[in-house]
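Asks: I would like to see how this sequence folds:
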Amino acid sequence: MADGKILIVDDDKNICELLRLYLEKEDFNVVIANDGVKAVEMFAAESPDMVLLDIMLPKLDGWQVCREIRKNSDKPIIMLTAKGETFDKILGLELGADDYVVKPFDAKEVVARVKAVLRRTSAGQGDAVKEVRYDKLVVNLTNYELKVDGKIVDTPPKELELLYHLASNPNRVFTRDQLLDEVWGFDYYGDSRTVDVHIKRLREKLEGVSDKWALKTVWGVGYKFETKD
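Replies: The predicted model follows:
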């Protein structure tokens, strides 16, 4: 039985075949697209468990493909980028990428990353509903739904995951690097502005809703979901 279906998106057919060889050895099903338009079509048709997505693609680039996928799905995406190519990690995080690999890469390393990301994204996805509730706030990670004062508020997946992570650990302070690692999964210790951007957007949605909880900045450290008894 296969471990899952992987969509490889790259215009370099040699890279596609190399990755296919290594992934199929590990019992993954593999489907391939060589341009951005085909990638979006195949994602809809094939429902893969993960996408390995090159940035420089014909017709639609990897950023555009990532945006299209994220409109309807939170399936994990690993971005592939050429060495020396300008790779904006912040943009990758913002668009909802789960990891990135720099070319030239070792195919075995890519397979290890694929397995690690799939383990992380599937952890705890059993029958139990993943939901936290507070006064006028319901964060449901099973259905990816945010309710504020009884109304559903449209929220991008990473914002919802960040809020769920903080609200599941009330009054615990997280550094930005911890949040990048635990919510986004990036082994990444650079510019952490993306966390600040997501917190700012969440505050805009949650401002003034309740006096029993709040998203708090702990200056010089990070953030916490503060509850008041």
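Asks: Span of stretch 135-153 from start to end?
Replies: From its first residue to its last, stretch 135-153 covers 16 Å (Cα to Cα, to the nearest Å).
Asks: quick one: that stretch to chain centroid distance?
Replies: Centre-to-centre, stretch 135-153 and its host chain are 19 Å apart (Cα atoms, centre = their mean, to the nearest Å).
Asks: Toward the C-terminus, what is the element adjacent to the longest helix seen in the chain?
Replies: Selection of the longest helix in the chain by residue count, based on DSSP state H, yields helix 107-122. Next along the chain after helix 107-122, taking DSSP states H and E as the criterion, comes strand 131-134.
Asks: just checking, what packs against that next one?
Replies: Counting contacts by 3 or more Cβ pairs under 8 Å, 6 or more residues apart in numbering; DSSP states H and E, strand 131-134 packs against strand 137-140, helix 157-167. Every C-beta, even on glycine, is put in place using the N, C-alpha and C of the backbone.
Asks: okay, the ones you listed, which one's buried deepest?
Replies: helix 157-167 (a mean of 21; mean count of other Cβ atoms under 10 Å).
Asks: Any idea how far it is from the middle of the chain?
Replies: On Cα atoms, centre = their mean, the centre of helix 157-167 falls 11 Å from that of its chain.
Asks: Could you shift the numbering so residue one becomes 508, and keep it that way?
Replies: In the new numbering, first residue 508, that becomes helix 664-674.
Asks: got the helices and strands packed on strand 638-641 as a markdown table, with mean pLDDT columns?
Replies: What follows is the helices and strands packed on strand 638-641, written out as a markdown table (pLDDT from 0 to 100):
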| stretch | mean pLDDT |
| --- | --- |
| strand 644-647 | 93 |
| helix 664-674 | 91 |
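Asks: Output these in a markdown table, with distance to Tyr529 appended to each entry.
Replies: Listed next are the helices and strands packed on strand 638-641 as a markdown table, based on distance: least, Cβ to Cβ, whole Å:
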| stretch | distance to Tyr529 |
| --- | --- |
| strand 644-647 | 37 |
| helix 664-674 | 28 |
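Asks: before we move on, back to that, and the longest helix of the chain, which residues are buried?
Replies: Residues of helix 614-629 classed as buried: 617-618, 620-622, 624-625, 628 (neighbour count, 16 or more other Cβ atoms under 10 Å).
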